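> Pasted the sequence and its predicted model underneath.
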Amino acid sequence: MPNAAGMIRESIWRDEDWRKLSRGAQALYMQLLSQKELDCAGLLPLQPVKWAKGCNGLTVEEVWEQLEELQTARFVFFDVDTDELLIRTHIRNSNVIKIPNSRASAMRAAKLAASERLREVLAAELRAAGRDDFARTAEEINPSATVSEPLANGSEINGSLTVTEPLANPRVLGTGTRNSHLGNYSSREGRPSCPIHPQGDPGDVKCHGCRATRIWDEQHAAELAADELEAKRLEREAAKAVVAACGLCDDAGWLLGADGLPCDPAMRCDHQEAAHA
């Protein structure tokens, strides 16, 4: 069923982690809670262009910055490879747990998450709910030997006082690639390396070394997410700088003709000025 019961608890305004957010990030979080696509697991499609249209003075770039702020503070997690976003504590801090049909919908939705990263976060939240059926679902979507609490955080309230609205139909999503986000970032320092699969995917639950890596990733997902976001932000800034410095295209990166107008048919500029000289 669609998300038709979006409510915000008044006590969120006394939460220190929430109050540290910028007003723009707070507003975006409220906007995410009101989306009709929000399902019982707290998942919804990653649609920054759509969300930017919710305010005449808001740009897509500003939405990305606000999303990064929310993810760094661990109110949400998102995956640009699978176009999914997760409101982290939705399951544990909403009416989902209290309603049998909603619990069943949440477990189905969690199993349909395409992003490996979001599945890890979801599994931690399911385990923290303290229900046997949720624990079994967590083991199914992200097997782990020891994790019994969600990602460690100084404030357990992070994102938890705002979500009381359940329920949208789970979406059928594509498949994701595990650790597609884990690069050589500083937050990987101390990450255990499997001696059997040092360069491989740490997803073999039968291998003790791989399992240790999996647990480390689950416990440090916030730091890894923040590093990935910073890397992607730098990539976007570099791409914008290339476009701004190029004399062959407009501000959007479309190749211009000799008359200074966009080419017909439209062509993306490769910014190779020497090749067009």
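Sure, I can see it.
> Can you report how many residues lie near His220?
Per other CB atoms under 10 Å, the neighbour tally for His220 reads 19. Where C-beta positions appear, they are placed from N, C-alpha and C, glycine not excepted.
> ok, it touching Arg191?
Yes: when contacts are counted by CB atoms under 8 Å, His220 is listed as touching Arg191 (7.4 Å).
> overlap in contacts of those two?
The contact sets of His220 and Arg191 do not overlap (CB atoms under 8 Å, 6 or more residues apart in numbering).
> If you count neighbours, what's buried in whatever helix or strand Ala27 lives in?
Per DSSP states H and E: Ala27 is located in helix 23-33. For helix 23-33, burial by neighbour count (16 or more other CB atoms under 10 Å) applies to Ala25, Gln26, Leu28, Tyr29, Gln31, Leu32, Leu33.
> and the gap between the fourth one and Asp83?
Read that as Tyr29. In this view, Tyr29 and Asp83 are 19 Å apart by CB to CB, to the nearest Å.
> The first one now?
The span separating Ala25 from Asp83 equals 20 Å under the rule CB to CB.
> Same check on the fifth one?
Between Gln31 and Asp83 the distance, using CB to CB, works out to 17 Å.
> My reading is that Phe134 lies in a strand. Confirm?
No: applying DSSP: H, G, I helix; E, B strand; the rest coil, one finds Phe134 to be helix, outside a strand.
> mind checking pLDDT for Thr146?
Per-residue confidence (pLDDT) for Thr146: 39.
> try Leu44
pLDDT, Leu44: 95.
> Could you list every helix and strand in contact with the longest helix seen in the chain?
Counting by DSSP state H, the longest helix found in the chain is helix 221-245. In terms of contacts (3 or more CB pairs under 8 Å, 6 or more residues apart in numbering; DSSP states H and E), helix 221-245 is packed against helix 60-72, helix 116-128.
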